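Undergrad: here you go, sequence then predicted model.
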Amino acid sequence: MTRQVCSSVSALIFFLFFITIFSTTEAQSCKPSGKLRGKKPPPERCIRDNDSECCEEGKLYDTYKCSPPVSSRTSATLTVNCFEEKCDGGAPSECDGEYHSDSKPIVALSTGWFNNESRCHRNITIHANGRSVVAMVVDECDSTMGCDADHAYQPSCPNNIVDGSEAVWRALGVSSDVGELPVFWEDA
């Protein structure tokens with residue numbers, strides 16, 4: 001009887017250990033959660049400002065429900081976004097349904113980091129080029145959807161994007177013409 005209990009307890013401990021290891025490994029990686037099939041945008045509807053990519057008919061794009069874990073030094077790719085009306089950003093900002101001035105340091109975060117609006121109107125600190133800038137989160141860079149009017153006929157965002165206004169780029173001392181810049185960030 002004791003041997004059976006010990007065997008059951010050992011099996012339970014092994015099972016919990018296995019689940020813990022698997023969960024930790026899964027949490028540290030963020031793999032695509034699906035695919036999005038590109039649709040051809042209507043004529044003149046995909047705005048190519050800021051090196052934006054337009055969806056291609058039939059091309060498959062990865063989608064993500066997650067982003068890499070946030071730390072005090074979260075690696076990301078800074079891209080440039082226009083948060084003003086009639087720009088490449090598409091619809092108004094997700095946090096408040098408003099457009100915002102690009103002269104202010106504001107950002108959109110990939111879906112996983114945006115975390116169901118939990119970072120709305122909160123500040124993050126972005127580091128690159130030996131400089132730092134504090135920017136407010138006002139929007140989501142949607143990693144789950146794209147290739148439609150709400151997303152300016154652009155593919156879904158990768159899972160590691162900090163999409164910054166022109167003011168963010170200026171504060172980091174880098175021309176937004178670069179298009180993409182490796183950065184790291186943390187919650188401010």
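TA: Done, it's in.
Undergrad: could you use CA atoms for every contact and neighbour count after this?
TA: Will do.
Undergrad: can you give me every residue that contacts the residue lying closest to residue 53 once chain neighbours are set aside?
TA: Leaving aside its chain neighbours, residue 53 sits nearest to residue 154 (5.8 Å; criterion: Cα to Cα, 6 or more residues apart in numbering). Residue 154 makes contact with 46, 52, 53, 54, 55, 146, 147, 148, according to Cα atoms under 8 Å, 6 or more residues apart in numbering.
Undergrad: and what of residue 132?
TA: 125, 126, 171, 172.
Undergrad: tell me how many other residues surround the second one.
TA: Using other Cα atoms under 10 Å as the criterion, residue 126 is surrounded by 26 other residues.
Undergrad: can you list the strands that the helix or strand it falls within pairs with?
TA: Assignment of secondary structure by DSSP states H and E places residue 126 within strand 123-128. Each strand that pairs with strand 123-128, with its direction, by DSSP bridges: strand 131-141 (antiparallel), strand 180-187 (antiparallel).
Undergrad: how far out from the middle of the chain is that strand?
TA: Put simply, strand 123-128 sits 14 Å off its chain's centre (Cα atoms, centre = their mean, to the nearest Å).
Undergrad: for it, output the C-alpha coordinates as PDB.
TA: In PDB, the C-alpha atoms belonging to strand 123-128 read as follows (Å, rounded to 0.1, in the frame of the first residue of the first chain):
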ATOM      1  CA  ASN A 123       4.300  55.200 -20.500                       C
ATOM      2  CA  ILE A 124       7.200  53.000 -21.600                       C
ATOM      3  CA  THR A 125      10.900  54.000 -21.900                       C
ATOM      4  CA  ILE A 126      12.600  53.100 -25.200                       C
ATOM      5  CA  HIS A 127      16.400  52.900 -25.400                       C
ATOM      6  CA  ALA A 128      18.500  53.100 -28.600                       C
END
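Undergrad: mind listing what's buried in stretch 176-187?
TA: Using 16 or more other Cα atoms under 10 Å as the test for burial, stretch 176-187 gives 176, 179, 180, 181, 183, 184, 185, 186, 187.
Undergrad: of these, closest to residue 103?
TA: Proximity of the buried residues of stretch 176-187 to residue 103 (Cα to Cα) peaks at residue 176, which lies at 13.0 Å.
Undergrad: need phi/psi at that closest one.
TA: Main-chain dihedrals, residue 176, degrees, to the nearest 10: phi -70, psi -10.
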